[in-house]
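I would like to see how this sequence folds:
(one chain, ligands or ions: 2)
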Amino acid sequence: MNTRDDPGARALHILETVFGYSSFRGQQAEIVDVLAQGGDALVLMPTGGGKSLCYQIPALLRDGVGVVVSPLIALMQDQVDALAELGVRAAFLNSTQTYEEASRIERRVRNGDIDLVYVAPERLMTPRCLDLLEASKIALFAIDEAHCVSQWGHDFRPEYIRLSVLHERFPTVPRIALTATADQQTRDEIIRRLQLENARQFVSSFDRPNIRYQIVEKVNGRKQLLDFIQSEHAGDAGVVYCLSRKKVEEIAEFLNESGMTALPYHAGMDIKDRTRNQARFLREEGIVMVATIAFGMGIDKPDVRFVAHLDLPKSIEGYYQETGRAGRDGTPASAWMAYGLQDVVQQRRMIDESDADETFKRVQSVKLDAMLGLCETLNCRRMRLLNYFGEDASPCGNCDTCLNPPISFDGTVEVQKLLSAVYRVDQRFGAGHVLDVLRGIDSEKVRQWRHDKLSTFGIGSDRSEAEWRAILRQAIALGLLAVDHDAYSALKLTDAARPVLRGEKPVQLRQYQKPVKQRRQPAKTAGYVESGLSAEEQTIFDRLRWWRVETARKHNVPAYVIFHDATMREIAKAKPASLSDLRGVSGVGEKKLETYGEEIIALIAELRAS
Ligand code: ADP
Ligand code: ZN
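Numbers count the residues shown, from 1 in each chain. Ligands and ions are numbered 1, 2, ... in the order given. This is a model prediction of the structure:
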């Protein structure tokens, strides 16, 4: 086929030969086409959706250099290394370079010796850089993490506002703005601020079908976490999110003692230690990063197999962004969370005690309620998530509520008992004491206050403490009870409690389920992901992993830059005996075939002979 004149065919040819992929995903082909024809585009795609190809391929198709604006300076080196592995001429310009290094790259840009250049926004705005671009041939501008232009978002970067200069000074150069932030307000702001009124908009589904969502009742969080990792993700790379710096340190230590390699990451750490831990997480295999939400923006490690939450996030937006860091390579991954009474109390308290104004507190409170709704739902988690972002969905079959439907029951009587118990102790006592009274526990405090004389004493002795905690948690989540943080965390009835107490409103509850200890899998099959390989294939895969570690070290790049797990799994299945056998494997482009092909074939031949 003559691919010279047909841009679509040329794009596909680059996809195959450079990147080693056989087909475009989702809207990639259309987006590439718009850019190739000189048009502008706004791309909203979830993390892992494949945004990079949307500008990398048009940059290769068009004359001149593709200029990528990105705030993530720390990741530029890896991005450039990854492109070099693919045989693409790439470089970056940022403040980490010496004057000489920068000058050398500028010269290459001017001479058209380069396909892609990554530039930090503040660098781009300097007269020196703008003059350089005036003097060079530019294929396109890609504005990555475009939501940074939004003043209301949490990643606001003032330099982004000035990026409208690009349109004014280079009106004929096509621009593409990309983000994984979904909401309409951010989208409108990007369009307005970057003058993208004429851009084609591409909004993808935000579903991440390969991620399995699981939210379990917290009983002993760290033990449950350990169980989860050992049974489902032994040897895998993952992120564990905790609320406080102290807890980050503690959990990292705990996991290390349990035989894993876990590293802490939080904003209170020395910047050097933090950067080193991040680099290790990116470069080494099977590291568990224990972190506060300070960790994660722009982490494009594709083989993060799980994201775990030991504390409740403040909002679904936050939860989705954090869990979205799992499984960017499209193969199975887990989003796991342990959640309990204390989380509800703690998050409500943080809102109550913050210095923010009332409007802000109300917004936070609505967001928290949505998050609680997700935790307590009896329906598909994914449906809840996607509905929250305004997308329709049906039960997914890949979340805990789909796989193991929770049992619901009419909990009206139980909740009434609980509410009465709170009322009878004059709404002056916290959860522990109220539950003691309910269960008829003869504690010192009970005797001191003569609460054993109350009509509610012992009316809940038929249920365990764990069961009552689950009921109490749901009553708080449903807004029937509030915790008064000014008065020793005393439980109080809300207005919504009255109709329940009067028997006018039934309450449906989720049955407490005792955590079951999961069967431990042999550590060798790192996670359930590798299943589907025969014993021989597994041996080849394991050997390839070793080879990748060595090779990555030699080239000083993260392992996934050499090959993704998915690619190696496919190689293990295909057992190629020649370069042409290897050529068809997804993720093996021409450059990698040339660099590594012979080695891999030899390695497989040797294994099969033995
Ligand atoms: P994003 O920037 O949207 O989070 P990336 O551009 O990093 O996502 O892509 C996520 C992963 O998917 C990468 O590992 C990439 O190589 C892979 N990928 C992207 N497009 C394709 C495709 N058409 N076929 C196969 N893999 C793809
Ligand atoms: Zn589901």
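
now the helices for the stretch 1-150 of the chain?
7-14, 28-36, 51-61, 73-85, 99-110, 121-124, 127-134 (DSSP state H, counting those that start in this stretch).

now for the fifth one, which elements pack on it?
Secondary structure elements in contact with helix 99-110, counted by 3 or more Cβ pairs under 8 Å, 6 or more residues apart in numbering; DSSP states H and E, are strand 90-93, helix 127-134. For every residue, glycine as well, the C-beta is placed using N, CA and C.

just the angle between the last one and helix 99-110, please?
What it means is helix 127-134. Relative orientation of helix 127-134 versus helix 99-110 (axes from the mean of the first three to the mean of the last three Cα atoms, to 10 degrees): 20 degrees.

so what's the model's average confidence on stretch 196-205?
Averaged across stretch 196-205, pLDDT comes to 94.

right, and the helices of the stretch 1-150 of the chain - which one's nearest residue 149?
Of all the helices of the stretch 1-150 of the chain, the one in closest proximity to residue 149, counting by Cβ to Cβ, is helix 121-124 (9.6 Å).

who does the closest one touch, helix- and strand-wise?
strand 65-69, helix 158-161.

helix 73-85 and the longest one, what's the angle between them?
Orientation note: strand 65-69 sits at an angle of 150 degrees relative to helix 73-85 (the same axes, to 10 degrees).

near ligand 2, which residues of this structure? Just list them.
The chain comes close to ligand 2 at residues 380, 382, 396, 399, 402, as judged by Cβ under 5 Å from the ion.

skipping its backbone neighbours, what lies nearest the second one in space?
Yep, that's residue 382 we're talking about. Excluding the flanking residues, the one nearest residue 382 by Cβ to Cβ, 6 or more residues apart in numbering is residue 396, at 4.1 Å.

hang on, that neighbour packs against residue 379?
No - at 10.4 Å, residue 396 does not count as touching residue 379 under the criterion of Cβ atoms under 8 Å.

sorry, back to before: how far away is the residue nearest to residue 382 from residue 212?
Going from residue 396 to residue 212 by Cβ to Cβ, to the nearest Å gives 9 Å.

coming back round to it: please identify the most buried of the helices and strands packed on helix 121-124.
Highest mean neighbour count among the helices and strands packed on helix 121-124 (mean count of other Cβ atoms under 10 Å): strand 65-69, with a mean of 26.

can you give the contact residues for that one?
Outside strand 65-69, the residues that touch it by Cβ atoms under 8 Å, 6 or more residues apart in numbering are 55-56, 58-60, 109, 112, 114-121, 124, 133, 136-144, 163.

quick one: buried ones out of those residues?
Buried residues within the contacts of strand 65-69, counting neighbours by 16 or more other Cβ atoms under 10 Å: 55-56, 58-60, 109, 114-121, 124, 133, 136, 138-144, 163.

send the alpha carbons of stretch 342-356 over as PDB?
Output of stretch 342-356 as PDB, limited to C-alpha atoms (Å, rounded to 0.1, in the frame of the first residue of the first chain):
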ATOM      1  CA  GLN A 342     -13.600   6.000  62.500                       C
ATOM      2  CA  ASP A 343     -13.200   7.200  59.000                       C
ATOM      3  CA  VAL A 344     -16.700   8.700  58.900                       C
ATOM      4  CA  VAL A 345     -16.200  10.400  62.200                       C
ATOM      5  CA  GLN A 346     -12.700  11.700  61.300                       C
ATOM      6  CA  GLN A 347     -13.700  13.100  57.900                       C
ATOM      7  CA  ARG A 348     -16.800  14.800  59.300                       C
ATOM      8  CA  ARG A 349     -14.600  16.300  62.100                       C
ATOM      9  CA  MET A 350     -12.100  17.600  59.600                       C
ATOM     10  CA  ILE A 351     -14.800  19.500  57.800                       C
ATOM     11  CA  ASP A 352     -16.300  20.800  61.100                       C
ATOM     12  CA  GLU A 353     -13.100  22.000  62.500                       C
ATOM     13  CA  SER A 354     -11.600  23.600  59.400                       C
ATOM     14  CA  ASP A 355     -11.300  27.400  59.200                       C
ATOM     15  CA  ALA A 356     -13.000  27.500  55.800                       C
END
